[in-house]
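# Sequence first, then the predicted structure:
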Amino acid sequence: RGNITSGKRLADDLEARIWPRNLTHPETWRVTRDAQDVFQRLSTGIPGTPMPEHTTTMDITDRWAIANYVMTLRDTATPLSEGESVVRAVRVDGDLPTAPDDPAWDTAPAMTFKMAPNIIREPRLFTALNEFVTVRALYNDSDVALRVDVDDRTYSVPGDPLEIAYALDDVTATRDAVAVQFPAELPTGREKPYFRQGDSRNPVNMWYWAAPSVAPELPATTEIWDATGTDKTPSVRSDSSALTANGAWKDGQWQVVFRRALTTDAPEDLQFADGVYTPIAFANWDGLNGEEGLRQSFTSWYWILLEPVDNPARTWGITAIAAALAGVIFLLISWRAKRRFRPRKD
């Protein structure tokens, strides 16, 4: 995923900071489509970058072995969900997972969406390193849980040795953060809230999680925000205890688990129900890049569906009732037809 922990900083010939490629997402590769392309880049290097040629330091067999290994990394991430827009939450019995590495998440289908930096409104963000968000969802009879994964090359926890090792010059690091956004009310028509923090007519709920900090010493933060547009700072709930979140960074990726009750007593909350397509969007702040507020990357609206569980008794019961009604209607029509066309006695 382009994460490095050796402390080495990479720069091109113009001394501009550059980062390793995320090898799990071939969508980001440049002019590299197969093992032969990778072999060529290993052999000749890339002029103007720290990537040297390896013909004098590595024999041809090893170069082909590395090229083929690199190609296998393409299949270790969920591919970009092109043409697909629905996150399907799977119903489970019992408790929902709270840890990102819980095996229960393997039962939930994953969807990966592209994020874009905010270049629409000041303060704009033109250089974003985090490009993808992957989400899975589970629910039971009382709660819904989401696991949101963001590929992030750096562990941006201010004051941590890894954050210090990769700090950008003249940039004050902030905390890595992730948010999930829903409309405060389910749209009744085609109009959704503005996809960036809603609008005055259509407010949104935002589930927000931020990584901890070493200096200053701060714990991880979990908050519920209510937003009515980009011209106003989102309002932080005085009580966000209805939402829980837990995040972990490993191998260049944040995995954050959000959990909330399907229905709450708060009138400003979106209420979930199975079988209903609900708009959902995502946002990310890369602390290394000093991102905060509107300096963020985000997605457009997608959908989340709490898939209803099949009920055979209900399905066959409805079918039987429909068949019985059809039979009654058929008999009535036949009876009326016989009366209408009954031959007269002279």
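Great, that's in hand. Numbering: from 1, shown residues only.
# Okay, now the unreliable bits of the stretch 1-150 of the chain?
Confidence mapping of the stretch 1-150 of the chain against pLDDT under 70 gives the ranges 5-7.
# quick one, strands of it?
In order along the chain, the stretch 1-150 of the chain carries the following strands (DSSP state E, counting those that start in this stretch): 10-11, 17-18, 86-91, 111-114, 116-117, 132-139, 143-151.
# export those to JSON lines and tack on mean neighbour count and distance to V38?
(Each C-beta comes from the backbone N, C-alpha and C, glycine too.) Listed next are these as JSON lines, based on neighbours: other C-beta atoms under 10 Å; distance: least, C-beta to C-beta, whole Å:
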{"stretch": "strand 10-11", "mean neighbour count": "12", "distance to V38": "19"}
{"stretch": "strand 17-18", "mean neighbour count": "13", "distance to V38": "18"}
{"stretch": "strand 86-91", "mean neighbour count": "17", "distance to V38": "33"}
{"stretch": "strand 111-114", "mean neighbour count": "19", "distance to V38": "22"}
{"stretch": "strand 116-117", "mean neighbour count": "17", "distance to V38": "28"}
{"stretch": "strand 132-139", "mean neighbour count": "24", "distance to V38": "21"}
{"stretch": "strand 143-151", "mean neighbour count": "23", "distance to V38": "20"}
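# for those, which one sits closest to F195?
strand 116-117 (10.6 Å; C-beta to C-beta).
# Output the contacting helices and strands for that closest one.
Helices and strands in packing contact with strand 116-117 are listed as strand 297-298; criterion 3 or more C-beta pairs under 8 Å, 6 or more residues apart in numbering; DSSP states H and E.
# what are the pairing partners of the strand it packs on, and which direction each?
The strands beside strand 297-298 in its sheet (DSSP bridges) come out as strand 116-117 (antiparallel), strand 277-285 (antiparallel).
# which outside residues touch the shortest one?
Translated: strand 116-117. Strand 116-117 is touched from outside by R124, L125, F126, T127, A128, Q296, S297, F298, T299, with contacts defined as C-beta atoms under 8 Å, 6 or more residues apart in numbering.
# Turn the residues you listed into CSV, columns for neighbour count and distance to A89.
Listed next are those as CSV, based on neighbours: other C-beta atoms under 10 Å; distance: C-beta to C-beta, whole Å:
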residue, neighbour count, distance to A89
R124, 11, 34
L125, 20, 30
F126, 8, 35
T127, 9, 34
A128, 18, 28
Q296, 23, 25
S297, 24, 24
F298, 22, 21
T299, 19, 17
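# and which of those is nearest Y277?
The nearest member of the contacts of strand 116-117 to Y277, counting by C-beta to C-beta, is T299 at 16.4 Å.
# Now for the closest one: which residues touch it?
Taking C-beta under 8 Å, 6+ apart as the test, what T299 contacts is F113, K114, M115, A116, V133, F195, A281, F282, A283.
# Retrieve the pLDDT associated with it.
Looking at T299, its pLDDT reads 97.
# Let the chain start at 831 from now.
From this message on, residue numbering opens at 831, which makes the last subject T1129.
# quick one: it and A1009, what's the gap?
T1129 sits 11 Å away from A1009, taking C-beta to C-beta, to the nearest Å as the criterion.
# and for those two, which residues touch both?
Overlap of the contact sets of T1129 and A1009 (by C-beta under 8 Å, 6+ apart) consists of F1112, A1113.
# With distance to E912 added, can I get the contacts of T1129 in JSON lines?
Conversion of those to JSON lines gives the following (distance: C-beta to C-beta, whole Å):
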{"residue": "F943", "distance to E912": "10"}
{"residue": "K944", "distance to E912": "9"}
{"residue": "M945", "distance to E912": "15"}
{"residue": "A946", "distance to E912": "15"}
{"residue": "V963", "distance to E912": "15"}
{"residue": "F1025", "distance to E912": "19"}
{"residue": "A1111", "distance to E912": "18"}
{"residue": "F1112", "distance to E912": "17"}
{"residue": "A1113", "distance to E912": "21"}
